[in-house]
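> Quick check, what structure comes out for this input:
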Amino acid sequence: MESTKKKGTRTGFTTGACAAAAARAATLGLSHGQVPESVDCLLPNGQTVQFAVTEGQCTKTQAHAVVIKDAGDDPDCTHGAHLTADVSLLTDAPGAVILEGGAGVGTITMAGLGLDVGGPAINPVPRRNIEENVRAAAGTLLAINGLKVIISVPGGEEMSKKTLNSRLGIIGGISILGTTGIVRPYSTAAFRASVIQGIQVAARQGQDTVVLTTGGRTEKFVMRELSQLPSSCFVQMGDFLSYALDTVVEENIKHVVIGGMVGKLTKMAQGETITHAGRAEVNTTLLAELAQSIGVAANICDDIRNAETARYAAERMEELGLVDAFHHALAQRVITTLGARYPQKFSLKVLICDFDGNKIAEATGNTP
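Next up, the predicted model:
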């Protein structure tokens, strides 16, 4: 008899959170002469979580600590990865915290990821979170010294072969990621159900508007933009666009707002019903067409078409001073695509923010 493994809903921690915890533990080792067996780490979402620490060792000038990633019930190839921090004193740079990537952490080789080409694949939020934890643990140490923090992941290069890193121009290892520090299980029935349930709850409370977002950052953005709406109107749909909009129609909700950033919105514009990175690639030809429609030169449109990420297009538009026009065109295309699938079933507003959560475009349409 064939058995089916039931997926769970247990949350885990991101590579960024584990790297920050390891860095904090190693810094405590430098400060106090002994690396602790556990460490309290401040996550980007404001939570403080205790992590077990292994392989702790230190001298007077350097310390080493490892935190083993627990990805919860998320099917993540980095589950069990050893996020390793080596922290050493910089006697000629008091107050400085310098972060570097070591073995098993990828190197950026292409523009379009919001990171320096040639630098380590440590995203901005975990980068800030690592430094924040190191400074908190260093105490008076930074008054007379600087600290160099090297994050490495033994076996990270092999793990990266199961990711999209090479296609994105990240070579030699995994990325250090995470905007909240928490990993939520992807694609579970429970998460889909929570999206549907959230919209049903809004309908039961008599709301005629739902605001759908793809993640925590975009939800914060739209909550700020639409602060007059009750909290029950806001539903974090993740990648489950079609489940969310089908439920909107079933519940006869009249107005939909979608808040997003360039990557997920491009997938909506190209007609994807589930926007997870593993389900479909970004259609850069569509982005090139949008750029062409606002007068961008043909050679730059070709660059966008040949790039691997939507973010690359956004960065090129920023260079040209065309951020607003480009994202407005993208928002309009999202409305056109979704309007064709749900003609006049609900009015649709699209709000777009940048990677810092600032509003850059808005469009409306599909009015019943």
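> Pass me the low-pLDDT residue ranges in the chain, would you?
1-9, 75, 112, 164, 167, 185-191, 193-194, 276-280 (pLDDT under 70).
> Show the residue spans covered by the helices in it.
Applying DSSP state H to the chain gives helices spanning 15-32, 124-138, 141-144, 156-160, 189-204, 216-225, 241-250, 262-269, 284-293, 298-306, 310-320, 323-341.
> what's the spacing between the second one and its chain's center?
Which is helix 124-138. 17 Å (CA atoms, centre = their mean, to the nearest Å).
> Turn the helices of the chain into JSON lines, columns for distance to Asp40 and mean neighbour count.
All C-beta atoms are positioned from the backbone trio N, CA, C, and that covers glycine. Formatted as JSON lines, these follow (distance: least, CB to CB, whole Å; neighbours: other CB atoms under 10 Å):
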{"stretch": "helix 15-32", "distance to Asp40": "8", "mean neighbour count": "29"}
{"stretch": "helix 124-138", "distance to Asp40": "9", "mean neighbour count": "20"}
{"stretch": "helix 141-144", "distance to Asp40": "18", "mean neighbour count": "14"}
{"stretch": "helix 156-160", "distance to Asp40": "25", "mean neighbour count": "20"}
{"stretch": "helix 189-204", "distance to Asp40": "28", "mean neighbour count": "17"}
{"stretch": "helix 216-225", "distance to Asp40": "22", "mean neighbour count": "18"}
{"stretch": "helix 241-250", "distance to Asp40": "36", "mean neighbour count": "19"}
{"stretch": "helix 262-269", "distance to Asp40": "33", "mean neighbour count": "24"}
{"stretch": "helix 284-293", "distance to Asp40": "43", "mean neighbour count": "20"}
{"stretch": "helix 298-306", "distance to Asp40": "44", "mean neighbour count": "16"}
{"stretch": "helix 310-320", "distance to Asp40": "34", "mean neighbour count": "21"}
{"stretch": "helix 323-341", "distance to Asp40": "40", "mean neighbour count": "20"}
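> who wins for proximity to Gly102 among the ones you listed?
Proximity of those to Gly102 was assessed by CB to CB; the nearest stretch is helix 156-160, lying at 9.1 Å.
> That closest one packs against which elements?
strand 104-105, strand 173-174 (3 or more CB pairs under 8 Å, 6 or more residues apart in numbering; DSSP states H and E).
> Which strands and helices lie in contact with the last one?
In other words, strand 173-174. Short answer (3+ CB pairs under 8 Å, 6+ apart): strand 173-174 packs on strand 104-105, helix 156-160.
> which outside residues touch the longest one?
So the one you mean is helix 156-160. Applying CB atoms under 8 Å, 6 or more residues apart in numbering, the external contacts of helix 156-160 come out as 77-78, 81, 103-106, 153, 166, 170, 172-174.
> Just the C-alphas of that helix, formatted as PDB.
What follows is helix 156-160 as a C-alpha-only set of coordinates in PDB (Å, rounded to 0.1, in the frame of the first residue of the first chain):
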ATOM      1  CA  GLY A 156      27.300  25.100   0.800                       C
ATOM      2  CA  GLU A 157      28.600  24.800  -2.800                       C
ATOM      3  CA  GLU A 158      27.000  21.400  -3.100                       C
ATOM      4  CA  MET A 159      23.800  22.600  -1.600                       C
ATOM      5  CA  SER A 160      23.600  25.400  -4.100                       C
END
